[in-house]
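**Student:** Task: produce atomic coordinates for the following.
(chains A and B)
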Amino acid sequence: MPEYQPFVTIDVWTMIFAWGNLIILFLFLKKILFVPLKNIIDQRQKQIKDMYDEARTDKDAAAAMRVEYEQKLADASAKGEEIIRSATARAHKQEEEIIREANETAAKNLRRADEQIEMEKKKALNQLKDEVSSMAVDIASAVIEKNLSEEDNREMIDRFIGQLGDEG
Amino acid sequence: MSPDSDGTWERGEFQNGMNGPKILWTIPVFGGVTITETTLTSWIAMAIIMIAAWFLSRNLSVDKPSKRQIVLEKIIGMLYGMVEGTMGKHNLHFAPYIGALFASSIVGTLLGMTNILRPATADLNTTLAWALATTALTWFFSIKNSGFLAWLKSFAEPVAVMTPMNIISEIANPISMSFRHFGNIAGGLVMTTLLYQALAALSAFVLQWIPVKLINTIPIFQLGIPAFLSIYFDLFSGFVQALVISMLTMVYVGGANPPKEESAENT
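**Tutor:** Predicted coordinates:
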């Protein structure tokens, strides 16, 4: 039996060992290396996909919220303008009312003052008439000596003063 | 100096490289199971690959991959990319087989750089076994996809005259595959061995003026110089041949197992 095989020869057992080794190595690598690694990579891809989906959902939600808030903001500013406008309008109305009321009150006061003045004038005039008439009666009675009844005198003097007042 | 009648050189006449693999043990069953250096090397290669695979695939993490895992994913990703590019997406499950073949080939070759072990791929039996496995896969998928008769008929295409040619080319495939790989590595082994011999002779010639026998037999030129040759014959050639046998396997098996819609058209 030669200790060395020829340089080029066919040795079935070496080939069988080569096959066996290759198959064992294939199965071993598949079980130990390829399948676990593929699982890890698949899991990672799934995670990344989930993360992307989540990010997209969040982004959409954020965009929707932004639109909503912008709408709300616009609404709020419109409402604020509306409030200011109505307040201004109300203030204008109130102002006008106050001025009108003040005007009215002033006019009323003025009229009342006029009336009072008129009344005072009339009263003073009447008082004057009375005093003048009694003075005239006193003077006349002193002049005529013949004392007419006071009623007659008064009537006569009133007529006289009335003529006088009408003329004056 | 000439080989003995059984085609082997006398022990000590040359280094291992000029002979075939040494028969280490013969187990006396089935008419003598021979365990050669080739088988030993391929076992050691297998053990190295398994330990490396086990080490690399420890503590795999989904979200916090270690540097080790990143390298591993890169390598396996490249392998998957190559398998997908050559064989198509439907053949991706062949990636572990191609990986095992490539790793066996390259580690089996590089173990020869130790100068203790004989490269497993410098034995025709190893490469022939791999090439025959490829052929078997090719035939299996051809028959599975198109039926036995259609497969036989495909030898007579495009014209019946081509039948012998087709049969020869079918037989030539595993032979060319195996001899290419074996020849490259074994040739490198022989070249390296010859270089060692030549450098020893050169050392003896240069050092002969030294009268001390212990010193002038030291083959000083063997130090370092063979390493440059080894860069080509072991590293480069080993890598290229591993790539070639993996590529050819992918091409042949992928060609025999086309995508489903294409095979549906053929039948």
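
**Student:** contacts and neighbour counts: CA atoms only from here.
**Tutor:** Noted.

**Student:** so where do the strands sit in chain B?
**Tutor:** B:23-27, B:33-36 (DSSP state E).

**Student:** Pick the most buried one from the ones you listed.
**Tutor:** strand B:33-36 (a mean of 20; mean count of other CA atoms under 10 Å in any protein chain shown).

**Student:** returning to that earlier point: least confident of the strands of chain B, on average?
**Tutor:** Among the strands of chain B, strand B:23-27 carries the lowest mean pLDDT, at a mean of 78.

**Student:** one step back: I'd like to know which of the strands of chain B is closest to A:Asp58.
**Tutor:** Set against A:Asp58 and scored by CA to CA, these come closest in strand B:33-36, at 65.7 Å.

**Student:** counting contacts, what elements does that closest one pack onto?
**Tutor:** helix A:12-29, strand B:23-27 (3 or more CA pairs under 8 Å, 6 or more residues apart in numbering or on different chains; DSSP states H and E).

**Student:** residues contacting whatever residue of chain B ends up closest to chain A?
**Tutor:** At 3.8 Å from chain A, B:Gly20 is the closest residue in chain B, using CA to the nearest CA. For B:Gly20, the contact set (CA atoms under 8 Å, 6 or more residues apart in numbering or on different chains) comprises A:4-8, B:8, B:123.

**Student:** Repeat the analysis, applying 7 Å as the threshold.
**Tutor:** Contact partners of B:Gly20, counting by CA atoms under 7 Å, 6 or more residues apart in numbering or on different chains, are A:4-8.

**Student:** could you pick out which of the residues you listed are near chain B?
**Tutor:** When contact is defined as CA under 7 Å from any CA of the partner chain, the contacts of B:Gly20 meet chain B at A:4-8.

**Student:** pLDDT wise, what is the residue lying closest to B:Gly112 once chain neighbours are set aside at?
**Tutor:** The shortest distance from B:Gly112 to any non-neighbouring residue, by CA to CA, 6 or more residues apart in numbering or on different chains, is to B:Pro119 (4.2 Å). As predicted, B:Pro119 sits at a pLDDT of 86.

**Student:** Thought B:Gly108 was touching B:Pro119, still the case?
**Tutor:** Yes. Between B:Pro119 and B:Gly108 a contact is recorded at 5.6 Å, counting by CA atoms under 7 Å.

**Student:** Quick check on these two: which one has the bigger neighbour count.
**Tutor:** B:Pro119 (33 against 29; other CA atoms under 10 Å in any protein chain shown).

**Student:** next one: phi and psi at that one?
**Tutor:** phi -60, psi 140 (degrees, to the nearest 10).

**Student:** Tell me how far it lies from B:Arg180.
**Tutor:** Plainly put, B:Pro119 is 15 Å away from B:Arg180 if you go by CA to CA, to the nearest Å.
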